[in-house]
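Engineer: what would the 3D arrangement of this be:
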Amino acid sequence: QVQLVESGGGLVQAGGSLRLSCAASGDIFTSYAMGWFRQAPGKEREFVASISRGGSSTDYAGSVKGRFTISRDNVKNTVYLQMSSLKPEDTAVYYCAARRDGSHYHTSPLDFGSWGQGTRVTVSS
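Structural biologist: Reported below is the predicted structural model:
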């Protein structure tokens, strides 16, 4: 089972940018499709973006499409989430997730078996 550790969260003003990183260890990274989810206070965890095992295919939630970019470095065993034009409604704890040996076209948290501890992103207005 892969272990995941997120970093890069923080406080940013609306319109600003942040890059989140998720370092993976403990298993073959390229065996996993990767995803980012987020959970705001009082809300359910929601899909943000996902990327295929090779990195050639991505998927995004409509609310972030055009503003966020997911990518991965299969040499560094790391997945990234570049967030731009941030809005206060992007405030949440962001989680990295991994899905073994499957397609990345999954948006339910139940379809991802490994999770990081989360990193908090706060966007001020």
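Engineer: which stretches of this structure form strands?
Structural biologist: Using DSSP state E, the strands of the chain run over residues 3-7, 10-13, 18-25, 32-39, 46-51, 58-60, 68-73, 78-83, 92-100, 114-115, 119-124.
Engineer: just want the most central residue of this protein.
Structural biologist: Note on the chain: the residue nearest the mean C-alpha position is Trp36, at 2.2 Å, using C-alpha atoms, centre = their mean.
Engineer: apart from its neighbours in sequence, what residue is nearest it?
Structural biologist: Val48 (4.3 Å; C-beta to C-beta, 6 or more residues apart in numbering). Where C-beta positions appear, they are placed from N, C-alpha and C, glycine not excepted.
Engineer: distance check, that neighbour against Lys76.
Structural biologist: Separation of Val48 from Lys76 (C-beta to C-beta, to the nearest Å): 21 Å.
Engineer: what about these two, which has more around it?
Structural biologist: For the pair Val48 and Lys76, the greater number of neighbours falls to Val48 (25 against 12), based on other C-beta atoms under 10 Å.
Engineer: just to revisit the earlier point, contacts only, for the residue nearest to Trp36.
Structural biologist: 35-38, 60-61, 64, 68, 81, 94 (C-beta atoms under 8 Å, 6 or more residues apart in numbering).
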